[in-house]
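Trainee: Next one to model:
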Amino acid sequence: MSMQPHRIDPVPAETAHVARAAFRKGNLYLRLRDELGSLYADEQFADLFARRGQPAEAPWRLALVCVFQFLEDLSDRQAADAVRSRIDWKYALGLELTDEGFDASVLCEFRARLLVHEAEQRLFEHLVEQLQQRGWIKKRGVQRTDSTHVLAAVRRLNRLELLGEILRTVLNALAEQEGEWLKQWVPIAWFERYSQRVEEWRWPGAKGHQEQVMDQIGQDGLRLLIEVWSESAPQLLKSLPEVEGLRKMWVQQFF
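Mentor: The predicted model follows:
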């Protein structure tokens, strides 16, 4: 994928009008755009992309989305949805209200490029520098922004989303095939935990809490596999593609 520098235009008039009307008392993302501009420029990331080929999404926008994503503890899918749906994000990113955004996989690829080129530090060092210049944060000697930690935190969220969604999908498949059997043993807490799509979950921000959620999902999936392979379970359940997918994923992730 190539990178052709994108011209950074002012916030579209309609986006600005709607955003001002919606956030009369102010908004963090509106303030960031008003006081810091686009914050990043494509040229800062030119070394991450080939000179020729398919044009990439504007790197300056992807960099901003990575920052917003970390601020709100969002998975890639949730962040991509926010780009499509949130007025304040569209304002900060300089997008038309009708802009359809991009696929969630684009964020993952951008972070991978940062890591491969050992460029992850520049993303947050530049942010800290800009905030310090405007007095938003204090200078305290040599301050290091742990960008690798930030990127790792976002990756943990996406792993959580993937595993949780796989488990939810399997439960739905079992409910369709053998609903009565499932009701006989499934914990009541699972109905609340897996009743909605995983991208709608509000993930815990602290690493320790994320690991607790991961452990819980892992234990739930293992319990499900044990029940499916028990003597009382209908034999056809073992052959369901969803169940086989769960088994393979749990072997890869937890064993």
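
Trainee: Only the C-alpha atoms, please, for the helix or strand of the chain with the lowest mean pLDDT, written as CSV.
Mentor: Between all helices and strands in the chain, the lowest mean by mean pLDDT, DSSP states H and E belongs to helix 120-133, at a mean of 77. Output in CSV follows, covering the C-alpha atoms of helix 120-133 (Å, rounded to 0.1, in the frame of the first residue of the first chain):
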residue,chain,number,x,y,z
GLU,A,120,5.3,3.8,17.4
GLN,A,121,7.1,6.3,19.7
ARG,A,122,6.7,9.2,17.3
LEU,A,123,2.9,9.0,17.5
PHE,A,124,2.7,9.8,21.1
GLU,A,125,5.9,11.8,21.6
HIS,A,126,4.5,14.3,19.1
LEU,A,127,1.2,14.4,20.9
VAL,A,128,2.8,15.1,24.3
GLU,A,129,5.1,17.7,22.7
GLN,A,130,2.0,19.6,21.3
LEU,A,131,0.1,19.4,24.6
GLN,A,132,3.2,20.6,26.6
GLN,A,133,3.6,23.6,24.2
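
Trainee: Show me which parts of it are buried, residue by residue.
Mentor: 120, 122-124, 126-127, 130-131 (16 or more other Cβ atoms under 10 Å). (Glycine included, C-beta is placed from N, CA and C.)

Trainee: Stretch 225-232 now?
Mentor: Within stretch 225-232, the residues that count as buried by 16+ other Cβ under 10 Å are 225, 227-228.

Trainee: before we move on, back to that, please convert the buried residues of helix 120-133 to CSV, extending it with distance to V106.
Mentor: What follows is these, written out as CSV (distance: Cβ to Cβ, whole Å):
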residue, distance to V106
E120, 17
R122, 19
L123, 16
F124, 20
H126, 21
L127, 20
Q130, 24
L131, 26
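
Trainee: from those, which is closest to F102?
Mentor: L123 (17.9 Å; Cβ to Cβ).

Trainee: Look up how far C66 lies from L123.
Mentor: Remark: distance between L123 and C66 (Cβ to Cβ, to the nearest Å) = 7 Å.
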